[in-house]
Structures are given as structure tokens and as C-alpha cells.
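**Student:** here's a sequence, model it:
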Amino acid sequence: MKNFISTFLFTSLILFGCNNSKNKVKIDEKDTVSIENVSIIPDSIIPDSIITIDTIAKIDIIEDALLFPSSYRMVEHTELKTIVTSKSWKEISLNNRNYQINKADFILSEIGKDECSGMMTQGIKSANNAILFFSIPQITDGKLDTVALSINSITPDKPFEFEFNDKKFKLKASGIDFNNDSGVLNAKNEYILKLYSEHYPKGFTLIHQNEYNDTSTKLVMITDLDKDGYPDFIFSSPRHYEEERYLIILSSNKTTYEGIRVFDC
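**Tutor:** Model (predicted):
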């Protein structure tokens with residue numbers, strides 16, 4: 001999205017590639033697009049593909065894999081329409097206190113004007129109060145069992161321990177202490193978050209970020225998105241206070257999926 005659009009915060013979450021079925025797209029005379037009932041056939045999942053410590057440096061970032069139910073700035077009036085119709089999307093929504101993954105159901109609003117930047121703007125409106133849309137082939141439909149989070153900001157002095165499928169895990173941070181008002185930046189202005197478990201006794205790096213401008217990294221969700229029996233993570237980690245940035249990190253591949261929305265003025 002970064003290459004197409006400069007845009008508009010921090011809140012809520014998601015999606016995939018399909019095989020035999022295609023997006024059903026509705027476009028009316030007001031240039032409104034509706035996408036619904038996108039069928040997804042997931043890639044095969046190999047449990048042994050858990051990321052190992054010696055491959056940390058090779059982790060890829062897939063950009064524009066996430067969208068937000070919000071407003072986006074555009075240079076060309078077809079930019080957002082092209083993005084939502086060129087991929088298959090799913091969503092994470094909260095219904096009856098349960099998180100659920102379903103086929104994306106949203107529409108694009110009429111094109112307007114952003115008063116701050118003067119650019120064209122268009123919004124994504126969810127029919128199911130989704131918190132995130134995504135296009136990630138490994139993630140399948142269904143209810144999500146999530147780990148109860150007692151904190152969302154993991155600081156260097158307070159590791160977060162949890163159990164997942166009867167296995168013990170620990171998240172441990174180093175670098176910036178986002179809860180320390182007297183001096184949140186270390187010498188390198190960096191934050192490192194590692195996952196420790198029987199697979200990663202020396203720690204596996206989930207987050208290594210050195211750009212923060214009145215922002216912080218927050219843990220949004222721990223769940224099994226790719227159904228391999230191991231925890232996956234969703235983080236909010238903007239680098240600037242006028243940026244919304246989410247990351248989905250799966251245990252089944254060497255990839256971080258990223259979504260960014262900019263709303264600087």
C-alpha cells in the first residue's frame with residue numbers, strides 16, 4: 001500500500017489467495033466496490049517448517065498484506081479499488097466475545113477529499129465490524145482461540161510467559177522501555193522482542209525495530225492463525241505517530257506480513 005497510497009491511525013484487524021473461486025465485485029455508478037464471499041483454499045501446512053534460529057536474518061517482509069477499515073489517501077482514483085480487487089481478502093472480527101476469521105465483506109466509500117493533505121481519499125467500510133483485513137494464504141476460516149493478555153506492552157524488565165497447546169513460551173524484550181516516562185529511548189533507540197521455547201532456547205527474534213517517534217510496539221493477539229499448533233502473533237508497531245502499522249507473524253514460515261496507513265498532515 002505504501003507504494004500506492006499515502007494515508008490516514010491505531011485500532012483494530014485480515015486475508016488470502018484463492019484457488020478456484022474469484023472475488024465477486026459490485027461497482028455502482030458512484031464508484032462503490034463491494035467484495036463478498038471470497039472462497040479460499042489454504043496452502044498445505046508443514047509443522048516442521050517452524051523458523052529456526054539460524055534463519056532469523058532471512059525473514060522476509062511482505063508489504064501491503066493487511067488493510068484497515070479506515071480511510072486511505074490516493075493519487076489515482078482507482079488505486080484502492082485495484083488493490084482490493086487484485087487479491088483475495090479475509091477479515092478478523094469480534095462477535096459475541098469471540099474472534100473469528102471469515103471471508104472479507106466490505107465496501108469502498110465514495111471518493112472524497114482529505115482536507116489536511118488535499119489528496120483524494122476513499123474509505124474501506126466493514127459489514128462485520130472487522131478489525132483487520134488480510135491476504136495471507138496460510139490462514140483459514142474459523143473461530144480463534146486466543147491467549148489472555150494481561151499486558152500489551154512487553155518491557156525489558158517484565159517478560160511475558162504463556163502456555164499454548166500445553167507448551168510453555170516466553171516473550172522477552174530488550175532495548176526501549178515504553179512504560180518509562182523518564183527516558184524511553186536507549187542509546188540505539190531500538191526495541192528487540194524475542195520468543196523463547198523448547199524450539200528456541202536461545203530466543204527467536206520477532207521484532208527488531210529502531211524507528212519510534214512517540215510510538216511503541218504493542219502485542220495485539222496471540223493465536224494459531226495457520227493451524228499448525230504453534231502460536232502466531234499480531235502486533236501494532238508504528239514508527240511515527242502519524243502512521244498505523246500492523247504486523248502478522250506466522251510460525252509456519254519465515255515471513256512477516258505488514259500493513260501500513262499514513263495520515264500525516
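
**Student:** and the contacts of stretch 222-231?
**Tutor:** By C-beta atoms under 8 Å, 6 or more residues apart in numbering, the surrounding residues in contact with stretch 222-231 are 45-47, 49-50, 99, 101, 136, 138-140, 144-147, 149, 162, 164-165, 169, 195, 232-234, 248, 250-252. Any C-beta I mention is one placed from the backbone N, CA and C, and that applies to glycine too.

**Student:** again, 6 Å this time
**Tutor:** The contact list for stretch 222-231 (C-beta atoms under 6 Å, 6 or more residues apart in numbering) reads 45, 47, 138-140, 144, 146-147, 164-165, 232-233, 250-252.

**Student:** same check, this time on stretch 146-158
**Tutor:** Contacts made with stretch 146-158 from outside it, assessed by C-beta under 6 Å, 6+ apart, are listed as 99, 160, 162, 171, 173-174, 177-179, 218-219, 221-223.

**Student:** against residue 95, how distant is residue 144?
**Tutor:** For residue 144, the distance to residue 95 under the criterion C-beta to C-beta, to the nearest Å works out to 11 Å.

**Student:** go on, residue 166?
**Tutor:** Relative to residue 95, residue 166 is positioned 27 Å away (criterion: C-beta to C-beta).

**Student:** quick one: the helices in the stretch 1-150 of the chain?
**Tutor:** Taking DSSP state H, counting those that start in this stretch to define them, one finds helices in the stretch 1-150 of the chain at 79-86.

**Student:** flag the shaky bits of it, pLDDT-wise.
**Tutor:** When the per-residue scores of the stretch 1-150 of the chain are filtered using pLDDT under 70, the ranges that remain are 1-59.

**Student:** now do 50
**Tutor:** Scanning the stretch 1-150 of the chain for pLDDT under 50 picks out the ranges 1-58.

**Student:** quick one: the strands in it, in order.
**Tutor:** Along the stretch 1-150 of the chain, the segments classed as strands by DSSP state E, counting those that start in this stretch run 24-27, 33-36, 60-62, 66-67, 71-74, 90-95, 98-103, 106-108, 112-113, 120-126, 130-134, 142-144.

**Student:** hey, which of those is tucked in deepest?
**Tutor:** By mean neighbour count, with neighbours taken as mean count of other C-beta atoms under 10 Å, strand 66-67 ranks first of the strands of the stretch 1-150 of the chain at a mean of 28.

**Student:** can you get me a residue count around residue 114?
**Tutor:** Neighbouring residues of residue 114 were enumerated by other C-beta atoms under 10 Å; the total is 19.

**Student:** ok, for it, nearest residue in space, not its chain neighbours?
**Tutor:** Spatial nearest neighbour of residue 114, chain neighbours left out: residue 121 (4.3 Å); criterion: C-beta to C-beta, 6 or more residues apart in numbering.

**Student:** save the contacts of stretch 146-158 as CSV, and put in distance to residue 260 too.
**Tutor:** Rendered in CSV, the data for those read as follows (distance: C-beta to C-beta, whole Å):
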residue, distance to residue 260
99, 22
160, 25
162, 28
171, 23
173, 22
174, 25
177, 25
178, 20
179, 25
218, 16
219, 18
221, 18
222, 22
223, 22
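
**Student:** so how do I select the buried members of the residues you listed in PyMOL?
**Tutor:** In PyMOL, a selection of the buried entries from the contacts of stretch 146-158 looks like this (16 or more other C-beta atoms under 10 Å):
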select buried, resi 99+160+171+173+177+178+218+219+221+222+223
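
**Student:** for the contacts of stretch 146-158, which one is nearest residue 263?
**Tutor:** Using C-beta to C-beta, residue 218 is the member of those that lies nearest residue 263, at 18.1 Å.

**Student:** and that closest one, how far from residue 149?
**Tutor:** Separation of residue 218 from residue 149 (C-beta to C-beta): 10 Å.

**Student:** and residue 134, by the same measure?
**Tutor:** The value you get for residue 134 to residue 149, if C-beta to C-beta is used, is 20 Å.
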